[in-house]
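**Q** Pasting the sequence and the predicted coordinates here, then a few questions.
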Amino acid sequence: MSNAEFQPTPPGDTTAKPPKGKFNFWRWFWLSTIPVSLIWVWHDFYVPANHITWAKDYPSAQQQSVKSGKPMILFFTGVWCVPCRVMKRNVWADAQVEEVVKAGFVPVMMDVDDPNAAETVKRYGVVATPTTIIADPQGKVVEWTRGGMNKAEFLGLLAKANPDRR
């Protein structure tokens, strides 16, 4: 082998590349992991808009509930709550859920970290999110569940809480 064929890379040369045809595992690992991770994070935090008319707070929800005779749905959530976001995406944004809620309930969504909702959070003893409570117009709990639900479970909860509005 002559000197012309072999030329060592000088120290500190950062332009050196692996020989063509050699598989660089770590390069491909990071090039695939980063986009997949970003898509996963986006999916966990993306929440589509829903067309449910939410009461602005508990007192206005109770007032609407008394006036209409419909029970209230109290949905306790947090900005940081991933199961809440999943439920907002898979349950609250669904057309069938929207129809059932509009027909038979007065919904109100409350952020557990909002100081304006602190009294309601304390009144109902909410310690975890998501918590869904169905209450009559006087505020008495009819049904409740803690944790995320899928569409079928949520519709079952609504049917159990308000069987005459099917």
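**A** Great, that's in hand. Only a predicted model underlies this, so the values are computations on that prediction, with no experimental measurement involved.

**Q** Show the pLDDT at Asn50.
**A** Looking at Asn50, its pLDDT is 81.

**Q** Report the contact partners of it.
**A** 88, 92-93, 98 (Cβ atoms under 8 Å, 6 or more residues apart in numbering). In this view, the C-beta of every residue, glycine as well, is placed from N, C-alpha and C.

**Q** what do you get for Ala135?
**A** Shown in contact with Ala135 (Cβ under 8 Å, 6+ apart): 65, 71-72, 74, 141-142.

**Q** Apply 10 Å and report the result again.
**A** 58, 61-62, 65, 71-74, 106, 108, 124, 141-144, 161 (Cβ atoms under 10 Å, 6 or more residues apart in numbering).

**Q** can you tell me which of these are in strands?
**A** 72-74, 106, 108, 141-144 (DSSP state E).

**Q** now Phe76, what's its secondary structure?
**A** strand (DSSP: H, G, I helix; E, B strand; the rest coil).

**Q** Just give me the neighbour total for Gly156.
**A** Using other Cβ atoms under 10 Å, Gly156 is surrounded by 14 other residues.
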